[in-house]
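In: sequence plus predicted model, see below.
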Amino acid sequence: MKAIWKDTILAESDDTIVVEGNHYFPAESIKKEYFQESETHTTCPWKGVASYYNIAVDGDVNRDGAWYYPQPKEAAQNITNYTAFWNGVEVVE
């Protein structure tokens, strides 16, 4: 699977985990040069508190375009620090 925004591959892995229709990419598969920590946090009743990344490519910024769970609840331990995408980021095979 590949996560692509602005014709740039942000992450690539054969080991994604699909949860609620979203592909979560392992931490080592994301290209960290495109990711900036965001101040945004949201809470999922069963996964816990999500943290977000802003994605920056060639001067364009996709605010909160990716999220991850640094300390998920018990039911979501398998996606600890895995990253998922939205807001215009394409996830394709």
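Out: Happy to help now that I have it.

In: low-confidence regions, this structure specifically.
Out: Filtered on pLDDT under 70, the chain yields no residues whatsoever.

In: show me where it has strands.
Out: For the chain, strands defined by DSSP state E occupy the ranges 2-5, 8-12, 17-19, 22-24, 35-44, 48-57, 60-68, 83-85, 90-92.

In: show me what counts as buried in the second one.
Out: When neighbours are counted by 16 or more other C-beta atoms under 10 Å, the buried residues of strand 8-12 are found to be 10, 11. Quick note: C-beta positions are derived from backbone N, CA and C, even for glycine.

In: how far away from the center of its chain is it?
Out: 11 Å (C-alpha atoms, centre = their mean, to the nearest Å).

In: what angle do it and strand 60-68 make?
Out: Put simply, strand 8-12 runs at 10 degrees to strand 60-68, going by axes from the mean of the first three to the mean of the last three C-alpha atoms, to 10 degrees.

In: can you list contacts of strand 8-12?
Out: Strand 8-12 is contacted from outside by 1-4, 25, 29-31, 34-35, 55, 57-58, 66, 83, 85, 89, using C-beta atoms under 8 Å, 6 or more residues apart in numbering.

In: save the strands of the chain as TSV, and put in distance to residue 76 too.
Out: Formatted as TSV, the strands of the chain follow (distance: least, C-beta to C-beta, whole Å):
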stretch	distance to residue 76
strand 2-5	19
strand 8-12	19
strand 17-19	7
strand 22-24	10
strand 35-44	8
strand 48-57	7
strand 60-68	11
strand 83-85	11
strand 90-92	19
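
In: of the ones you listed, which stretch is the most buried?
Out: Scoring the strands of the chain by mean neighbour count under mean count of other C-beta atoms under 10 Å gives strand 83-85 as the most buried, with a mean of 25.
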